[in-house]
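Undergrad: return a 3D structure for these sequence lines:
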Amino acid sequence: MQQTARTVVIHEHGGPEVLRIEDRPLGEPGPGEVRIRHHAYGLNFIDVYQRTGLYPMDLPHALGMEAAGVIEAVGEGVTHLTPGQRAAYAAGPSGAYCEARVMPAAQVCPLPESISFRTAAAMMLKGMTVEYLFHRTTPLRRGDTVLFHAAAGGVGLIACQWAKSEGIKLIGTAGTDGKCSLAQFNGAAHCINYRAENFVERVTEITGGKGVDVVMDSIGADTFEGSLDCLKPLGMMISFGNASGPVPPVDLGMLAQRGSLKITRPTLFTHISDHATCQAMARRLFGKVDGREVKIHVDQEFPMDQIADAHRALEARQTTGSTILVP
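TA: Prediction:
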């Protein structure tokens, strides 16, 4: 009898109500593939974007981009993983919300014994995102100043600690005083409650009118123009998410008017498409966690059966830190 695995699938784009749990066939890995049995998987905004259709996909399709578990079998040509080995990943194709799956092996990473499955499932996508933001997007040096939106979220709390560990001054934003306190506890030099203060005016005050070297913005439409106004001349705007909706078309002339600004729209998946780069990024992340420079906050946990509730909580910005799901 063929094995099956409980898997979260969508047959149409829409709200959390379109999420279904189905038994899907689980086969043997082919060349360059592995079969991994999950112990935990992560919740991320990209899952919401795929569910709503902001990032369209062929339907029906399984969801989820991040998980941790144990390798059950490897296909021909896979040399960096072996059956029985602990592993974690943040990679396509989507389908990580499941008990087990067969998937490409290149972006699956050996997981140190020192890092639990729950922690790994909470940190791979978010942690490697922070790695490329701080090391692969624009040069950052000790003493530079960064504005980071959503500083109390899963990516944000890692970024606060990462910045502090490398001598970078991070100014965060968040939607409550409690979230601001959490960001500062984790290393943010300042955190602005954007519901109570104008973050552009506050950044201007904090920097003595100079502005910041880099803005890292995963919010999108609501913060985009204000973020540009926070940059110093020749500063870099990194737009890496759309939590409030996609950024509208940009008039490049306004970059010149604001001081010859630079802008980029990177994705994690471009960076990890190269096997060696992906593995190096994961090792740097593991080193930060093992060295206690970064602590991963798993603040919410849901069983697979409550996947719709998990999506609702994330979209309503009711979460802090990372959220994981368990089979």
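Undergrad: remind me which helix or strand the residue nearest to the spatial centre of the chain belongs to.
TA: Central residue of the chain (Cα atoms, centre = their mean): Lys126, 3.1 Å from the mean position. In this assignment (DSSP states H and E), Lys126 forms part of helix 117-135.
Undergrad: for that helix, give the mean pLDDT please.
TA: Mean pLDDT, helix 117-135: 97.
Undergrad: which other helices and strands contact it?
TA: Secondary-structure packing of helix 117-135 (3 or more Cβ pairs under 8 Å, 6 or more residues apart in numbering; DSSP states H and E): strand 33-42, strand 66-74, strand 86-90, helix 154-165, helix 268-271, helix 275-290, strand 298-303, strand 322-326. Yep, even glycine has a C-beta here, placed from its N, CA and C like the rest.
Undergrad: any idea how far it is from the chain center?
TA: 6 Å (Cα atoms, centre = their mean, to the nearest Å).
Undergrad: next, the angle strand 33-42 makes with it.
TA: Counting by axes from the mean of the first three to the mean of the last three Cα atoms, to 10 degrees, helix 117-135 lies at 90 degrees to strand 33-42.
Undergrad: relative to helix 275-290, how tilted is helix 117-135?
TA: Using the same axes, to 10 degrees: helix 117-135 against helix 275-290 is 110 degrees.
Undergrad: now helix 117-135 against strand 86-90, angle please.
TA: 50 degrees.
Undergrad: quick one: strands adjacent to the helix or strand just after helix 117-135?
TA: Using DSSP H and E, the helix or strand that follows helix 117-135 in sequence is strand 145-148. Note on strand 145-148: by DSSP bridges, its sheet partners are strand 169-174 (parallel), strand 212-217 (parallel).
Undergrad: now strand 145-148: average pLDDT?
TA: 98.
Undergrad: look up how far Phe199 lies from His190.
TA: 10 Å (Cβ to Cβ, to the nearest Å).
Undergrad: I meant to write Asn242 there.
TA: 18 Å.
Undergrad: now Gly172
TA: 10 Å.
Undergrad: which neighbours do the two share?
TA: Leu147, Ile192 (Cβ atoms under 8 Å, 6 or more residues apart in numbering).
Undergrad: those two: who's more crowded?
TA: Gly172 (32 against 21; other Cβ atoms under 10 Å).
Undergrad: what's near enough to touch that one?
TA: Applying Cβ under 8 Å, 6+ apart, the residues near Gly172 are 147-149, 151-152, 156, 160, 180, 183-184, 188, 190-192.
Undergrad: also Ala96?
TA: His38, Tyr41, Gly42, Leu63, Gly64, Met65, Glu66, Ala67, Tyr89.
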